[in-house]
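Pasting the sequence and the predicted model now:
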Amino acid sequence: MSGVAAEFGELYGHAPDGVWAAPGRVNLIGEYTDFNEGFVLPLALPHTAVAAVSRRDDGILRLHSRDVDGPVVELGADALKPGGVDGWAAYPAGVVWALREAGHAVGGADVHLASTVPTGAGLSSSAALEVVTALALNDLYGLGLTRPRLALLAQRAENAFVGVPCGVMDQMASACAEDGHALFLDTRDLSYRQVPFDLAAVGLRLLVVDTRVKHALGDGAYAERRAGCEAGARALGVRALREVDAAQLSDALGRLSDETVRRYVRHVVSDNDRVARTIALLDAGDVRAVGAVLVEGHASLRDDLRVSCPELDLAVAAAVGAGALGARMTGGGFGGSAVVLVDADAADAVAGAVRAAFREAGHAEPGVFTAVPSGGARRLG
Ligand code: ADP
Ligand code: MG
């Protein structure tokens, strides 16, 4: 990715002050729990957004991406306002806006980006873009902000400036993950623990199947699930569904009259419990048993939350049918990717079975790769 620095030089006529990287992520378990103050267990991918950046003190923000056709976008840092920037530039511009709005003295910057995180595949290319921008500005302007604080500001950029009501999992994973670990995150207070996740050591692999179906979180379905969960919490008299644990679930469901809300509550409470069970299995070294938890999680997302799609259901069914230990959709759903836990020596056969099932169903060829748990955002040079 040193090419990014050279491209920056050609674009702006001077060298960058530095180069930073921030990864995309996959979530192992705990879906649609983060806006319910619940638990998630993502891991960072080797795929990263890389940004070459230089500081400017004239308040001008110049943004460019190798991956998008088009000229350099030039904006005034003090004129940024939510909804005021169209397209991809809203993500990095939103970070500048969020930092300034929080009282941090960020002037302008020249930014050139390039990313290997597939976009719209549920692997959080957007969070990678935000977090790499936030970390670069934190370093260049000497802000001294912690990783969780940077993640929160990146989320605020996406929520309030871009206008996507995402939770904080993606930004936390990109900012805080560690090589060889999954990140067990409590989204209520952003406390977290690095959970060793060395699948190769136990002869296993985690595959990511990108269905190539582009999800669109802005289309209202996500906001509708979120509103339904909030309605459930209100009806149960709790601040967030995180307050309801698995032992209280049947009692809670009995107190809810709305069928849709009941389904959403059942998903969130049971998925929080699945995160806890997965952590217990990983801590006990029983990684193979996580497969069954993934299968349960997929059924809950498909049947209760109803955020899956035929391609995701097919990827999961074909993988499990071909001998995978477990699989589930990951991320917001309606397309995007699935994760598959598989014996390393069965990985090729399982990937082949998923491809064959897609061919037979007339779907586009899915992308399949191994998710190697990788490090979070960092300065490269
Ligand atoms: P996801 O985060 O799951 O990949 P999103 O819809 O949240 O999907 O974010 C994708 C958007 O992020 C793209 O449409 C684009 O605006 C922006 N984006 C991601 N990667 C890049 C990139 N390399 N260059 C420019 N914009 C990017
Ligand atoms: Mg995103």
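Arrived safely. Ligands and ions are numbered 1, 2, ... in the order given.

hang on, isn't Ala90 packed against Phe161?
Yes: at 6.2 Å, Ala90 and Phe161 qualify as touching, with contact defined as CB atoms under 8 Å. In this view, the C-beta of every residue, glycine as well, is placed from N, C-alpha and C.

now the strands: where do they sit in the stretch 1-150 of the chain?
Applying DSSP state E, counting those that start in this stretch to the stretch 1-150 of the chain gives strands spanning 18-27, 39-40, 42-56, 60-65, 73-76, 108-115.

Compare those strands and give me the one nearest Thr211.
strand 18-27 (13.4 Å; CB to CB).

can you tell me which of the strands of the stretch 1-150 of the chain comes nearest to Ala327?
Of the strands of the stretch 1-150 of the chain, nearest to Ala327 by CB to CB is strand 18-27, at 12.1 Å.

So which other helices or strands are in contact with that closest one?
strand 42-56, helix 125-140, helix 169-176, strand 337-343, strand 378-379 (3 or more CB pairs under 8 Å, 6 or more residues apart in numbering; DSSP states H and E).

between those, which one is nearest to ligand 1?
helix 125-140 (3.4 Å; CB to the nearest ligand atom).

Can you point out the buried residues in the closest one?
For helix 125-140, the neighbour count (16 or more other CB atoms under 10 Å) marks 125-140 as buried.

Kindly report the same for stretch 368-376.
368, 370-376.

Give me the mean pLDDT for that stretch.
Stretch 368-376 comes out with an average pLDDT of 97.

Quick check: end-to-end length of that stretch?
22 Å (CA to CA, to the nearest Å).

which outside residues touch it?
With contact meaning CB atoms under 8 Å, 6 or more residues apart in numbering, stretch 368-376 is reached by 22-23, 26, 43-46, 147, 173-182, 197-199, 205-210, 339, 347, 351, 354-355.

now do stretch 338-348
26-28, 199-200, 203-209, 211, 287, 290-291, 294, 298, 312, 315-316, 319, 322-330, 350, 354, 370-371.

could you flag which of those residues are buried?
Among the contacts of stretch 338-348, the ones that count as buried (16+ other CB under 10 Å) are 26-28, 199, 204-209, 211, 287, 290-291, 294, 298, 312, 315-316, 319, 322, 324-330, 350, 354, 370-371.

Keep only those of these that are in strands.
26-27, 204-209, 326-330, 370 (DSSP state E).

Report the two of these separated the most.
Pairwise over these, using CB to CB, the maximum falls at Leu204 and Met329, 19.5 Å.

Break down this protein into its helices, ranges please.
3-12, 90-101, 125-140, 147-156, 169-176, 221-236, 249-254, 259-283, 290-300, 310-321, 347-361 (DSSP state H).

re earlier: can you put the ones in strands among the buried ones among the contacts of stretch 338-348 in JSON lines and add distance to ligand 1?
Output for those, formatted as JSON lines (distance: CB to the nearest ligand atom, whole Å):
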{"residue": "Val26", "distance to ligand 1": "11"}
{"residue": "Asn27", "distance to ligand 1": "11"}
{"residue": "Leu204", "distance to ligand 1": "25"}
{"residue": "Arg205", "distance to ligand 1": "22"}
{"residue": "Leu206", "distance to ligand 1": "18"}
{"residue": "Leu207", "distance to ligand 1": "18"}
{"residue": "Val208", "distance to ligand 1": "12"}
{"residue": "Val209", "distance to ligand 1": "15"}
{"residue": "Gly326", "distance to ligand 1": "22"}
{"residue": "Ala327", "distance to ligand 1": "19"}
{"residue": "Arg328", "distance to ligand 1": "16"}
{"residue": "Met329", "distance to ligand 1": "13"}
{"residue": "Thr330", "distance to ligand 1": "10"}
{"residue": "Thr370", "distance to ligand 1": "19"}
